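Q: based on what follows, work out the 3D shape:
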Amino acid sequence: MRTLPLVLGLVVSVGISAALWLNVGQAESQVQAIEPPHASEASPTPSADRDAVERIASTLEKLAGARPDLIKPTPVAGVYLVLYGSDVLFVSADAKYLFRGDMRELPSMRSVSDKVLTEMRKPLMQELAALESIDFPAKGEVKHTITVFTDIDCTYCVKLHRGMRRMNELGISVRYVAYPRAGLMSPSYNKWVDVWCADDRRKALTAAKAGEPLESRSCDNPVRDHMSLAARLGVSGTPAILTEGGRLIPGYMPPEQLLVELNGG
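A: Reported below is the predicted structural model:
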């Protein structure tokens with residue numbers, strides 16, 4: 001997945017929160033707090049939708065130097081969701097106001113952004129399933145299988161791993177793939193290579209996450225492939241938990257809480 005173009009990323013990151021709207025129709029691109037469009041406004045017609053999409057695309061292309069990957073209406077009339085890769089923006093139909101944040105349905109608190117991103121990940125899920133991984137299978141009935149992009153040196157990744165036995169007892173199978181956040185050829189990357197080249201990968205990964213030194217090894221390994229797919233899936237931190245349906249659950253959860261989340265919250 002593409003990332004947000006640098007110029008637009010800088011624009012939306014300066015002084016903007018979910019409560020602030022950016023007037024992108026002004027040459028000065030000044031930030032100002034205003035009231036969002038009212039949800040009670042009449043929904044635009046299909047032709048108006050097309051006009052709004054083109055207006056938004058053209059405005060953002062002038063601002064960022066690149067057209068968005070996706071523009072689609074949200075449940076709020078007059079507000080559109082815009083994607084640059086996995087970066088989510090919301091823009092008014094007249095292309096004058098923009099904000100970055102999340103939109104949630106009430107009373108469920110389900111994220112509108114997550115729904116769109118999950119759909120965009122689905123074509124990549126077969127590729128993710130085909131990746132070589134280090135697996136910790138569930139004990140007994142498999143209720144859920146998750147793929148976790150993990151960094152050996154990440155504190156919350158270590159905490160998640162400590163709950164592995166309990167996750168497996170709860171029926172959660174865990175597939176680990178590599179995402180050393182420090183990048184290629186970093187100490188974390190080299191640790192992942194050492195783990196992958198070990199005779200017993202599961203044992204080596206557990207030892208590495210416990211801070212134990214590993215024998216330095218070299219072999220053909222998929223760590224680069226894991227990192228490349230992580231970028232395309234919109235993974236930017238660890239642990240990043242992906243469900244079989246493409247939903248991304250960012251960060252650590254205790255095993256029991258994770259099961260509730262996987263069951264649908």
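Q: can you show me the helices along the stretch 101-250 of the chain?
A: Under the criterion DSSP state H, counting those that start in this stretch, the stretch 101-250 of the chain contains helices at 112-130, 155-162, 164-169, 187-196, 201-209, 223-233.
Q: could you give the average pLDDT over the third one?
A: Within the predicted structure, the mean pLDDT of helix 164-169 is 98.
Q: for it, which positions count as buried?
A: For helix 164-169, a neighbour-count test (16 or more other C-beta atoms under 10 Å) marks Met164, Met167, Asn168 as buried. From N, CA and C alone the C-beta is placed, and that goes for glycine too.
Q: next: stretch 238-249.
A: Across stretch 238-249, burial judged by 16+ other C-beta under 10 Å covers Thr238, Pro239, Ala240, Ile241, Leu242, Thr243, Gly246, Arg247, Leu248, Ile249.
Q: ok, now stretch 213-226?
A: The neighbour-count criterion (16+ other C-beta under 10 Å) identifies Leu214, Asn221, Pro222, Val223, His226 as the buried residues of stretch 213-226.
Q: from those, pick the one nearest Trp196.
A: Proximity of those to Trp196 (C-beta to C-beta) peaks at Asn221, which lies at 4.2 Å.
Q: quick one, what contacts that closest one?
A: For Asn221, the contact set (C-beta atoms under 8 Å, 6 or more residues apart in numbering) comprises Trp192, Val193, Trp196, Cys197.
Q: okay, now the second one: neighbour count?
A: Using other C-beta atoms under 10 Å, Val193 has 20 other residues around it.
Q: that one reaches Leu214, doesn't it?
A: No - taking contacts as C-beta atoms under 8 Å, Val193 lies outside contact range of Leu214: 9.6 Å.
Q: and the nearest residue to Arg104 once chain neighbours are set aside, what pLDDT?
A: In space, and not counting its chain neighbours, Arg104 is closest to Ser111: 5.6 Å by C-beta to C-beta, 6 or more residues apart in numbering. Note for Ser111: predicted pLDDT of 84.
Q: same deal with Leu70?
A: 89.
Q: please apply the same query to the one 3 residues further on.
A: According to the predicted model, the pLDDT of Pro73 comes to 91.
Q: from His226, how far off is Gly237?
A: Using C-beta to C-beta, to the nearest Å, Gly237 is found at 15 Å from His226.
Q: quick check: closest non-adjacent residue to Pro137.
A: Once flanking residues are discounted, Pro137 sits nearest to Ser173: 4.9 Å by C-beta to C-beta, 6+ apart.
Q: just checking, that neighbour touches Val142?
A: Yes - with contacts defined as C-beta under 8 Å, Ser173 counts as touching Val142 at a distance of 5.3 Å.
Q: residue boundaries of the strands in the protein?
A: 21-23, 31-32, 70-73, 79-84, 87-92, 97-99, 134-136, 144-150, 172-178, 240-242, 248-250 (DSSP state E).
Q: how about those, which one is nearest Glu119?
A: Ranking the strands of the chain by proximity to Glu119 (C-beta to C-beta) places strand 70-73 first, at 9.6 Å.
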